[in-house]
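Participant: Sequence first, then the predicted structure, then my questions.
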Amino acid sequence: MGRGSTSMARGLRKRSTDSERRLWKHLQARRMRGLKFRRQEPIGRYIVDFVCYEAHLVIELDGACHASKLDDDRLRDSWLEEQGFRVIRVLDNEVMINTQGVLEVIDKDCQDHQRPGER
């Protein structure tokens, strides 16, 4: 991806959904285990919702429109996993109604994949 993807990602950051903004409040500024997360980040030919390079973790928030994109999502997840990332998919409404539960899943994944000296 080139400069076009960077400007596209910037546009997506400006047009964040409510669930993206809610989750970002908890991930930004190293609030999750001191790990740095980025939002709407270009990786290869994709733009992921959230990524932590230190934990090799991608978090994708799925709205209602993703039901029709399951095959595309599987290809995307497979490619990201080939690049060494784990992918967590969360429904938008789950972030809105169970933010703490979503954060616990992310925290557990980050804990399980940090090197011993980083805890």
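Facilitator: Okay, I see it.
Participant: and Gln100, how many neighbours?
Facilitator: Gln100 has 7 neighbours, counted by other CB atoms under 10 Å. C-beta coordinates here come from the backbone N, C-alpha and C atoms, glycine included.
Participant: Flag every buried residue along the helix or strand in which it is found.
Facilitator: Per DSSP states H and E: Gln100 is located in helix 99-112. Using 16 or more other CB atoms under 10 Å as the test for burial, helix 99-112 gives Val102, Leu103, Ile106, Asp109, Cys110.
Participant: Near the residue lying closest to Phe85 once chain neighbours are set aside, how many other residues are there?
Facilitator: Closest residue to Phe85 apart from its sequence neighbours, by CB to CB, 6 or more residues apart in numbering: Val58 at 4.8 Å. The tally of other residues near Val58 (other CB under 10 Å) stands at 24.
Participant: partners of Val58 in the sheet?
Facilitator: Val51, Val87 (DSSP bridges).
Participant: That one contacts Arg89, doesn't it?
Facilitator: No: between Val58 and Arg89 there is no contact under CB atoms under 8 Å: 9.2 Å.
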